[in-house]
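> just to be clear, the model below is a prediction. Sequence and coordinates:
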Amino acid sequence: MDTIENAIQVRNLNKSFKKSFYEKKKQVLNNVSFDVPKNKTTGFVGNNGSGKTTSLKCIFEFIFKDSGEVLFFNEKMNPKIRKKIGYLPERPYLYEFLTAEEFLKFHLKLSGISLANENVNTLIDETLNKVGLLEAKKKALRSFSKGMLQRAGLAQALVHKPEILILDEPMSGLDPDGRLMVKDILKEEKKKGITIFFSSHLLQDMEELCDHLVAIHHGEIIYNADLKSFMNQYPSLEEAFRNKQKEARK
């Protein structure tokens, strides 16, 4: 695939961990390489413990990789690139003493947007309305349910209108209505030309939302191409993924 078409390129990413001084290092990521095409929705699928979250942490430089390269729009991570990214971690840390409105103002400031900007209040209201939290904007996050906190986390990823959305298990903790809302939001963002990269173990969501698929198994990439090709020989994504895992074990 031509590199110009990729929003993110990951090449030969390796990461190992050592639990104690006496133990040998455990290889968690083994030469992980994949692409995230621009203006498409890419799913990152794998079983629990397969290396999805570790890959994302290395991509964002939250932890140090052992080796490898990650490029965003053909550039290494830098302050300019960070402002183009909206990120929702699997377990977002939210400042519970802030209201939803204050929380988004905090993230706008982190994104380099002046709170003196006359459009800030409109931007916050639009974003909270999008995730169904407009009526709760003056309430402290400590009073939110688990599902509301997840939607607040999604709001902070969206509020500065990023070019790339990276979401780690965005449906986690949501009821059926909440999951439907998130899927509608992702479809809407895709229509705007936003590049979306999200991890999940919910294959039905991948099948519904994604153009491109990256599959990881025991720290190795077993598929990196368009979703339709992945499913061509199988009636469902679940069966296709299961067969890819069996091939990887041989």
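Now that the structure is in, tell me what you want to look at. Numbering: from 1, shown residues only.

> any idea what the spatially most central residue of the chain is bridged to?
In the chain, the residue lying closest to the centroid (CA atoms, centre = their mean) is residue 167, at 2.0 Å. Taking DSSP bridges, one finds residue 88, residue 198 as the beta-bridge partners of residue 167.

> mind checking how far it is from residue 208?
Using CB to CB, to the nearest Å, residue 167 is found at 15 Å from residue 208. Where you see a C-beta, it was placed from the backbone N, CA and C, and this is true even at glycine.

> one more: residue 55?
In terms of CB to CB, residue 55 sits 23 Å off from residue 208.

> more neighbours: which of the two?
More crowded of residue 55 and residue 208, by other CB atoms under 10 Å: residue 55, with 27 against 14.

> in what helix or strand does residue 108 lie?
helix 100-110 (DSSP states H and E).

> do you know the pLDDT at the nearest residue to residue 162 once chain neighbours are set aside?
Using CB to CB, 6 or more residues apart in numbering and skipping the chain neighbours, the partner closest in space to residue 162 is residue 86 (3.6 Å). The per-residue pLDDT reported for residue 86 equals 94.

> I'd say residue 86 and residue 155 touch.
No. Applying CB atoms under 8 Å as the test, residue 86 and residue 155 come out as separate, 9.9 Å apart.

> point out where the protein drops to low pLDDT.
1-4, 249-250 (pLDDT under 70).

> output the contacting helices and strands for the helix ranked longest in it.
Counting by DSSP state H, the longest helix found in the chain is helix 176-191. Applying 3 or more CB pairs under 8 Å, 6 or more residues apart in numbering; DSSP states H and E, we find helix 176-191 packed against helix 146-158, strand 195-200, helix 203-209.

> can you say which of those is packed in most?
Highest mean neighbour count of the helices and strands packed on helix 176-191: strand 195-200, a mean of 24 (counted as mean count of other CB atoms under 10 Å).

> what does it contact?
7-8, 36-46, 52-53, 56, 90, 163-171, 186, 189-190, 206, 209 (CB atoms under 8 Å, 6 or more residues apart in numbering).

> taking those residues, please make a PyMOL selection of just the buried ones.
A single PyMOL command selects the buried members of the contacts of strand 195-200 (16 or more other CB atoms under 10 Å):
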select buried, resi 7+8+36+37+38+40+41+42+43+44+45+46+52+53+56+163+164+165+166+167+168+169+170+171+186+189+190+206+209
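
> the contacts of strand 195-200 in helices, which ones?
Reading helices off these with DSSP H, I get 52-53, 56, 186, 189-190, 206, 209.

> tell me how the chain divides into domains.
1-84+165-175+195-250, 92-162 (automatic domain parsing).

> switch the ones you listed over to CSV; also include distance to residue 182.
Output for these, formatted as CSV (distance: least, CB to CB, whole Å):
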stretch, distance to residue 182
domain 1-84+165-175+195-250, 6
domain 92-162, 7
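
> quick one: the longest helix of the chain to strand 195-200, angle?
150 degrees (axes from the mean of the first three to the mean of the last three CA atoms, to 10 degrees).

> offset the numbering so it begins at 155, please.
Shifting the count to begin at 155 puts that one at helix 330-345.

> buried residues in helix 330-345?
For helix 330-345, by 16+ other CB under 10 Å, it's 332-333, 335-336, 339-340, 343-344.
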